[in-house]
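Asks: next come a sequence and a model predicted from it.
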Amino acid sequence: MSNLPDKKEQIIQVHASLINMVVQTHLNPQLRPQLSEVLKTSAANGWQNLVLRIYKILEGDRSTSLLNDLDEEDGIIIDAILKGIQNPATLPDPTAKNANPTMAAPGIAHMVNEASRGSTQALTLLSTMAEQMSHAGGDLTILAAIMKKLIDGERDPEILSKGMGAQGESLVNAILEELAKLQIH
């Protein structure tokens, strides 16, 4: 357990793709349509405060007041984006393997849900994520291989986690729990 990063680093690593995407869009405004699709999905899934702050950053706001009235996770993400704009060397590596993968379950579930409803942006993001996971080995390689099953509606944890270790099974179960919540709404 001692080699796990602290909570702040875990949050940054889980959201590394978003943080990098916002900074890249700041540097290259032509990427804004792709980011807007991601932000639209995020806002629809309860991340409205975070999304509003990201749009303010894209409009040029760099004030520390952007951090006011945010929950801890959103504040950490906004802070990482601001630092990344100021110094790109601080950006997290979206391919790093040290994050707790179960923290990624809500994001994966939201993307699976959107992809299953026809969102090409979510499908593209999941495809990119699956490609990265397939190179990681172990449970993440198996997870990459079952993405299509998840998108197509498979919800049997035994089928989805076949061949996985305890951590992989935990991640699959967390994704399925999040998908079940999304079906209720």
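Replies: Thanks, I have the structure now.
Asks: going by C-alpha atoms from here, please, whenever you check contacts or count neighbours.
Replies: Fine.
Asks: domain boundaries for the chain, per the record?
Replies: Per automatic domain parsing, the domain ranges recorded for the chain read 7-90, 101-184.
Asks: and stretch 58-72, how far apart are its ends?
Replies: Stretch 58-72 has its terminal residues 21 Å apart, counting by CA to CA, to the nearest Å.
Asks: in that stretch, what's buried?
Replies: Neighbour-count burial for stretch 58-72 flags 58, 62, 66-67 (criterion: 16 or more other CA atoms under 10 Å).
Asks: quick one: contacts of it?
Replies: Residues from elsewhere that reach stretch 58-72 (CA atoms under 8 Å, 6 or more residues apart in numbering): 22, 25-26, 49-50, 53, 75, 78-79, 82.
Asks: picking up where we left off before, of the domains of the chain, which shows the lowest average pLDDT?
Replies: Taking the average pLDDT of each of these, the minimum falls on domain 101-184, with a mean of 84.
Asks: ok, residues contacting the longest helix seen in the chain?
Replies: Counting residues, the longest helix found in the chain (DSSP state H) is helix 166-184. For helix 166-184, the surrounding residues in contact (CA under 8 Å, 6+ apart) are 101-102, 105-106, 108-110, 113, 139-140, 143, 155, 157, 160-161.
Asks: can you dump the C-alpha coordinates of it into PDB?
Replies: The C-alpha atoms that make up helix 166-184 are tabulated as PDB, following Å, rounded to 0.1, in the frame of the first residue of the first chain:
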ATOM      1  CA  ALA A 166      -9.400  -9.600  -7.700                       C
ATOM      2  CA  GLN A 167      -8.600  -6.000  -8.700                       C
ATOM      3  CA  GLY A 168      -9.900  -6.500 -12.200                       C
ATOM      4  CA  GLU A 169     -13.100  -8.100 -10.900                       C
ATOM      5  CA  SER A 170     -13.500  -5.200  -8.500                       C
ATOM      6  CA  LEU A 171     -13.100  -2.700 -11.400                       C
ATOM      7  CA  VAL A 172     -15.700  -4.600 -13.600                       C
ATOM      8  CA  ASN A 173     -18.100  -4.700 -10.700                       C
ATOM      9  CA  ALA A 174     -17.700  -1.000 -10.000                       C
ATOM     10  CA  ILE A 175     -18.300  -0.200 -13.700                       C
ATOM     11  CA  LEU A 176     -21.400  -2.400 -13.700                       C
ATOM     12  CA  GLU A 177     -22.700  -0.600 -10.500                       C
ATOM     13  CA  GLU A 178     -22.200   2.700 -12.200                       C
ATOM     14  CA  LEU A 179     -23.900   1.500 -15.400                       C
ATOM     15  CA  ALA A 180     -26.900   0.300 -13.300                       C
ATOM     16  CA  LYS A 181     -27.100   3.800 -11.700                       C
ATOM     17  CA  LEU A 182     -27.200   5.400 -15.200                       C
ATOM     18  CA  GLN A 183     -30.000   3.100 -16.300                       C
ATOM     19  CA  ILE A 184     -32.100   4.300 -13.400                       C
END
